[in-house]
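Engineer: Fold the following for me, if possible:
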Amino acid sequence: METREGINFEKMKVGEFKKIDAVLPSVGWVDGLWVNEHARIAVNREGVEDADSRWLDTAIAEKVPPVNFVFYFAHGTAVDERFCRGILGWLRLSELHADMRMITPAR
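Structural biologist: Numbers count the residues shown, from 1 in each chain. Next comes the predicted model:
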């Protein structure tokens, strides 16, 4: 039987999210950030692992306002505006507002 984490990671792939594992200028090491530039949504690795699967379906399907880019983080991980601004700069979307949110964890 497939795990919730495996199901969640598959949802990210199907949702056309790209996984970033790289050293980026002004950000440093990025470990497993799932990003969909067109949807303007990113979820950190721990967020994908810990998220309630039904909540994740809704979160990654959200229609984000055109001036925002939503960053989801797992509880207990650093929520850092400098990190988000660096990612937006790397994506060449620095004009967008970084909307930082916490995931809804599985029970």
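Engineer: For the closest residue to Leu33 other than its chain neighbours, report the pLDDT, please.
Structural biologist: Closest residue to Leu33 apart from its sequence neighbours, by C-beta to C-beta, 6 or more residues apart in numbering: Ile20 at 4.6 Å. Using the backbone N, CA and C atoms, a C-beta is placed for each residue, glycine as well. For Ile20, the pLDDT comes out at 91.
Engineer: who does the helix or strand hosting Ile20 touch, helix- and strand-wise?
Structural biologist: Using DSSP states H and E, Ile20 falls within strand 18-24. When contacts are defined as 3 or more C-beta pairs under 8 Å, 6 or more residues apart in numbering; DSSP states H and E, strand 18-24 sits against strand 28-36, helix 81-90.
Engineer: what distance separates the last one from the middle of the whole chain?
Structural biologist: Centroid separation between helix 81-90 and its chain, computed with C-alpha atoms, centre = their mean, to the nearest Å, is 12 Å.
Engineer: Let me see the backbone angles for the residue most central in space within the chain.
Structural biologist: Nearest to the geometric centre of the chain sits Val43, at 1.6 Å (C-alpha atoms, centre = their mean). Note on Val43: its backbone torsions stand at phi -130, psi 130 [degrees, to the nearest 10].
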